[in-house]
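*Asks:* Here is a sequence together with a model predicted from it:
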Amino acid sequence: MDFTIHSITCAETVLLRQRILRPHQRPEDCIYPHDNSTESFHLGAFIDERLIGIASFLYDSHPELPEPESQYRIRGMATVPEFRNSGIGSALLMEGFAKLKDKNAKRIWCNARETAFAFYEKLGFVTLGEMFELPGIGPHKVLWREI
């Protein structure tokens, strides 16, 4: 499958975030803290002009990881269902990791849904702490890795 990855704006992520990750919320509720920080960035995967996958890399630290000034957080990562398991998510993360190296980031972390644990673990993420529940969304773990 041929797809391309481009930088996109926060605004371009919102409808896909809402539709796939938080259908019980309004689109305006799917804008996260740090989304519009000058250090944060967003990537989109496209087939032709159709946005089929997104990942946001937010300048945000986790209190249990060292060097908070060199951390980023993945949020709002989603792929349109008919394109899942086709390498889009991994490609978005690899492109994000390359950009993070250019920014001298040292660590990346996320609150991963239970259904995504294996995906992140294949990419070298490890668990930090115990599983927890996000109301209305489900079980999660904090996962992180070195860049």
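*Replies:* Here it is on my side, so go on. Numbers count the residues shown, from 1 in each chain.

*Asks:* residues making contact with the stretch of helix or strand residue 89 belongs to?
*Replies:* In this structure, residue 89 sits in helix 88-102 according to DSSP states H and E. Residues outside helix 88-102 that contact it (CB atoms under 8 Å, 6 or more residues apart in numbering): 3, 5, 41, 43, 45, 52-55, 57, 72, 74, 77, 79, 108, 119, 123, 147. Where you see a C-beta, it was placed from the backbone N, CA and C, and this is true even at glycine.

*Asks:* cool, and stretch 123-138?
*Replies:* Outside stretch 123-138, the residues that reach it (CB under 8 Å, 6+ apart) are 21-22, 24, 62, 64-65, 90, 93, 109-114, 139-146.

*Asks:* Of these, keep whichever come out buried.
*Replies:* Neighbour-count burial within the contacts of stretch 123-138 applies to 21-22, 62, 65, 93, 109-113, 140-145; the criterion is 16 or more other CB atoms under 10 Å.

*Asks:* Drop everything from those residues that is not in strands and list the rest.
*Replies:* 109, 110, 111, 112, 113, 140, 141, 142, 143, 144, 145 (DSSP state E).

*Asks:* Show me which positions of the helix holding residue 89 end up buried.
*Replies:* 88, 89, 91, 92, 93, 95, 96, 97, 100.

*Asks:* And the pLDDT for the closest residue to the fourth one other than its chain neighbours?
*Replies:* By that I understand residue 92. In space, and not counting its chain neighbours, residue 92 is closest to residue 55: 4.1 Å by CB to CB, 6 or more residues apart in numbering. Residue 55 carries a pLDDT value of 98.

*Asks:* quick one: residue 55 from residue 91, how far?
*Replies:* Noted for residue 55: a distance of 10 Å to residue 91, by CB to CB, to the nearest Å.
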